[in-house]
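**Student:** When you get a sec, could you give me coordinates for this:
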Amino acid sequence: MAKSFSALVMFFVVMLGAFPAAAAPTPLDQVQQTVDKVLEVLRNKSMPVAEREDRLRTLVYDRFDFALMSQWTLGPYWRHADAQQRQRFIDLYSELLEANYLGKIEAYTDETVRYLGQKVENGRAEVETEVVTSNANIPLTYRLSRQGGEWKVYDVVIEGVSLVRNYRSTFGEIARKDGIEGLLQQVARKVEEQKAAAGKNGKKG
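**Tutor:** Numbers count the residues shown, from 1 in each chain. Next up is the predicted model:
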């Protein structure tokens, strides 16, 4: 009886070993999951604009690593900033990106996204996608870093232009001339301008 029981246990051990555990989500899986949810929200035209913006904001903040994005954007000037200045920049930078991009949600019509592949190496990844519109296919690459079981976006490359590199050039020049405090003041003003413009557009709509 004992031998039969042991054999039964070994049978289950062997069978379980024959079926590997489900693979962890890949960078492409996680990008696709977020993008599909974004598109689902955008396609729901019956959803109030304020609710749509809140849902989009949550999706973006869950997938993007604004701290790492800020560090890469400031480049060498990140080391010159103290902890309070770094946090202030992270907050302002995320607000600026939000004002720039979430404010354009009404421009969405019925684009689709193709997922072309991924490259993964040493805790970093690139996910290649393509936004298909009625008159053009727009290449868009997400750059991600692994944080535990999650892949977080720290840069987006649109038609070969890196978001981080683009801002780094602009912000670096300001920081060189006016220092970190001068940069923070200018970014804060830009955020307020973007919010004011979005408010006016909202009233017109």
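
**Student:** center of the protein, which residue is that?
**Tutor:** Central residue of the chain (Cα atoms, centre = their mean): F64, 3.4 Å from the mean position.

**Student:** Correct me if wrong: that residue contacts V153.
**Tutor:** Yes. In this structure, F64 is within contact of V153 by Cβ atoms under 8 Å, at 4.8 Å. Any C-beta I mention is one placed from the backbone N, CA and C, and that applies to glycine too.

**Student:** List the contacts of G123.
**Tutor:** 145-146 (Cβ atoms under 8 Å, 6 or more residues apart in numbering).

**Student:** how far away is it from A24?
**Tutor:** Per Cβ to Cβ, to the nearest Å, G123 is found 13 Å from A24.

**Student:** For this protein, which segments count as strands?
**Tutor:** Using DSSP state E, the strands of the chain run over residues 112-121, 124-132, 137-147, 150-158, 161-162.

**Student:** Out of the ones you listed, which gets nearest to S94?
**Tutor:** Nearest to S94, of all the strands of the chain, is strand 150-158, at 12.3 Å by Cβ to Cβ.

**Student:** for the strands of the chain, which one ends up most surrounded?
**Tutor:** strand 150-158 (a mean of 20; mean count of other Cβ atoms under 10 Å).

**Student:** same for it, what does it pack against?
**Tutor:** Contact partners of strand 150-158 among helices and strands, from 3 or more Cβ pairs under 8 Å, 6 or more residues apart in numbering; DSSP states H and E: helix 27-43, helix 66-74, strand 137-147, helix 163-204.

**Student:** Quick one: work out the angle between the last one and helix 66-74.
**Tutor:** Here helix 163-204 runs at an angle of 110 degrees relative to helix 66-74 (axes from the mean of the first three to the mean of the last three Cα atoms, to 10 degrees).

**Student:** Equivalent analysis for the first one, please.
**Tutor:** Interaxial angle of helix 27-43 relative to helix 66-74 (the same axes, to 10 degrees): 100 degrees.

**Student:** Rounded mean pLDDT for helix 27-43, please.
**Tutor:** Average pLDDT, helix 27-43: 91.

**Student:** One more: the shortest one?
**Tutor:** Taken as a whole, helix 66-74 has an average pLDDT of 95.

**Student:** what's the offset of that helix from the middle of its chain?
**Tutor:** Distance, stretch centre to chain centre, for helix 66-74: 12 Å (Cα atoms, centre = their mean, to the nearest Å).

**Student:** What is it packed up against?
**Tutor:** Here helix 66-74 touches helix 83-101, strand 150-158, helix 163-204, going by 3+ Cβ pairs under 8 Å, 6+ apart.

**Student:** Need the contact partners of it.
**Tutor:** So helix 66-74 is contacted by 78, 81, 86, 89-90, 93-94, 97, 145, 152-155, 164, 167-168, 171-172, 175 (Cβ under 8 Å, 6+ apart).

**Student:** Please repeat the previous calculation with a cut-off of 6 Å.
**Tutor:** Contact with helix 66-74 is made by 78, 89-90, 93-94, 154, 164, 167-168, as judged by Cβ atoms under 6 Å, 6 or more residues apart in numbering.

**Student:** JSON lines for these, including pLDDT and distance to Q185?
**Tutor:** As requested, the contacts of helix 66-74 are arranged in JSON lines below (pLDDT from 0 to 100; distance: Cβ to Cβ, whole Å):
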{"residue": "W78", "pLDDT": "96", "distance to Q185": "18"}
{"residue": "F89", "pLDDT": "97", "distance to Q185": "11"}
{"residue": "I90", "pLDDT": "97", "distance to Q185": "16"}
{"residue": "Y93", "pLDDT": "94", "distance to Q185": "14"}
{"residue": "S94", "pLDDT": "93", "distance to Q185": "17"}
{"residue": "Y154", "pLDDT": "94", "distance to Q185": "25"}
{"residue": "V164", "pLDDT": "93", "distance to Q185": "21"}
{"residue": "Y167", "pLDDT": "94", "distance to Q185": "16"}
{"residue": "R168", "pLDDT": "94", "distance to Q185": "18"}
